[in-house]
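Colleague: Please find the sequence and the predicted model below.
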Amino acid sequence: MKILVTGGAGFIGSHLVDRLMEEGYEVRVLDDLSAGSLENLKKWINHERFEFMQGDMRDLEILKKAVDGVDAVFHLAANPEVRIGSQSPQLLYETNVLITYNLLEAMRERRIKLLAFTSSSTVYGEAKRIPTPEDYGPLEPISVYGGAKLAAEALISGYAHTFDIKAVVFRLANIIGKRSNHGVIYDFINKLKANPDRLEILGDGTQRKSYLHVSDTIEAMLYLFKEFLKEDKIYDAYNIGSEDWITVTEIAEIVSREMGLSPEFYFTGGVDGGRGWKGDVKIMLLSIEKAKAKGWKPKMNSREAVEKTVRELLGKE
Ligand SMILES: O=c1ccn([C@@H]2O[C@H](COP(=O)(O)OP(=O)(O)O[C@H]3O[C@H](CO)[C@H](O)[C@H](O)[C@H]3O)[C@@H](O)[C@H]2O)c(=O)[nH]1
């Protein structure tokens, strides 16, 4: 099977490529290298089953070339920064919705019939049901990013049913691990390297979310993708996350301890009752009962994933 991984040079994408290559698939990566890096793929660059294409998915012609001859697409390319939504909605629209539309158009034209998409917990907005199951609704994202992910999901569902494209959507919790180059752990490490005595925490520190290590994430995506292949459903969605949560202040404590520091914590107070930024969901925990019923479960909880990620980003493992 030949698989196109969009965003395959990025954080989650490159871990997926590692796993697909190890399992013997033929892999083509399309990436614009805006956030990802060839360094993440250096192990495979000269491998006979591997191909790299650099290109911007806002260009439909590039996508037509990229999907040509593949059996399935894992669509991971995205701008993942929730916090830029209030300043750059157009960028989030283009790099989440427009590129998904272009991919679907290219798949329709070249008759590519299988798609997996990485969506986000942010589609649920401020869910009243915790843990939040896949069939929770009505969906009311509170960030432009969450809205863009939900729009991309909706387009995929529409194309799946209209053009017989079998599609599975993964709604991911906060994914962390080696090669991540944004997010709270990455930010805290950089802030502490710049000033070991004082750590600025955005919001009030009580933001409480579920964190999943990238190794568990890749395991879930491939396992559930293979299960989905066995079913005759045209479209399905799965939550992927851990079964507990951790606060931003606890993350700050873990990062400080792993770096051997005891900084003073400074809370900015944030916006709208302690959020880090406009659209920051304060409490997030996904129900993973549907994935568990299929036979997947995470190996690490949120705390273990955070501790491992801090050590990985510090180069200790
Ligand atoms: O310097 C910082 C950075 C972040 N935070 C806080 O840490 C929490 C986590 O923020 P991240 O930037 O790590 O992650 P987000 O929750 O905004 O979003 C992440 O998880 C989402 C799914 O849950 C999406 O997938 C998204 O792409 C991904 O970045 C937030 O509450 C934020 O307020 C701080 O206090 N200080």
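Modeller: Cool, the structure landed. Numbers count the residues shown, from 1 in each chain.
Colleague: Every contact and neighbour count from this point should use C-alpha atoms.
Modeller: Noted.
Colleague: Show me what from the stretch 201-317 of the chain comes close to the ligand.
Modeller: 201, 202, 203, 207, 248, 275, 276, 280, 282 (Cα under 6 Å from any ligand atom).
Colleague: now do 5 Å
Modeller: 201, 202, 207, 276 (Cα under 5 Å from any ligand atom).
Colleague: Among the residues you listed, which one has the most neighbours?
Modeller: Among those, residue 276 has the most neighbours (other Cα atoms under 10 Å), with 24 neighbours.
Colleague: Tell me which residues touch it, please.
Modeller: By Cα atoms under 8 Å, 6 or more residues apart in numbering, the contact set of residue 276 is 202, 203, 204, 269, 270.
Colleague: so how far is stretch 246-254 off the chain centroid?
Modeller: 21 Å (Cα atoms, centre = their mean, to the nearest Å).
Colleague: next one: stretch 221-230
Modeller: Distance, centroid of stretch 221-230 to centroid of chain: 17 Å (Cα atoms, centre = their mean).
Colleague: swap in stretch 159-174?
Modeller: Counting by Cα atoms, centre = their mean, stretch 159-174 comes out at 15 Å from the chain centroid.
Colleague: Repeat that for stretch 212-220.
Modeller: Distance, centroid of stretch 212-220 to centroid of chain: 10 Å (Cα atoms, centre = their mean).
Colleague: Just the CA coordinates for it, please, in PDB.
Modeller: Provided in PDB are the C-alpha atoms of stretch 212-220 (Å, rounded to 0.1, in the frame of the first residue of the first chain):
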ATOM      1  CA  LEU A 212      -1.200  12.000  25.200                       C
ATOM      2  CA  HIS A 213       2.300  11.000  24.200                       C
ATOM      3  CA  VAL A 214       2.900  10.900  20.400                       C
ATOM      4  CA  SER A 215       3.900   7.200  20.600                       C
ATOM      5  CA  ASP A 216       0.400   6.300  22.000                       C
ATOM      6  CA  THR A 217      -1.100   8.600  19.400                       C
ATOM      7  CA  ILE A 218       0.500   6.900  16.400                       C
ATOM      8  CA  GLU A 219      -0.300   3.500  17.800                       C
ATOM      9  CA  ALA A 220      -4.000   4.500  18.100                       C
END
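Colleague: Please, where are all the strands along the stretch 1-150 of the chain?
Modeller: Ranges of strands in the stretch 1-150 of the chain, per DSSP state E, counting those that start in this stretch, are 2-6, 26-31, 50-54, 72-75, 114-120.
Colleague: which helices and strands does the shortest one pack with?
Modeller: Using 3 or more Cα pairs under 8 Å, 6 or more residues apart in numbering; DSSP states H and E as the contact definition, the elements that strand 72-75 packs against are strand 2-6, strand 114-120.
Colleague: Show me what that strand is in contact with.
Modeller: 1-7, 67, 112-118.
Colleague: May I have that strand as CSV, with CA atoms only?
Modeller: Written as CSV, here are the backbone C-alpha positions of strand 72-75 (Å, rounded to 0.1, in the frame of the first residue of the first chain):
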residue,chain,number,x,y,z
ALA,A,72,-4.6,6.3,0.9
VAL,A,73,-3.9,9.7,2.4
PHE,A,74,-3.1,10.5,6.0
HIS,A,75,-3.9,14.2,6.2
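Colleague: ok so, going back, out of the helices and strands packed on strand 72-75, flag the one nearest the ligand.
Modeller: strand 114-120 (4.7 Å; Cα to the nearest ligand atom).
Colleague: Each with direction, which strands does that closest one pair with?
Modeller: Under the criterion DSSP bridges, strand 114-120 sits next to strand 72-75 (parallel), strand 166-172 (parallel) in its sheet.
Colleague: hmm, back to that, now for the strands of the stretch 1-150 of the chain, which one comes closest to residue 82?
Modeller: Nearest to residue 82 among the strands of the stretch 1-150 of the chain is strand 114-120 (10.5 Å), distances taken as Cα to Cα.
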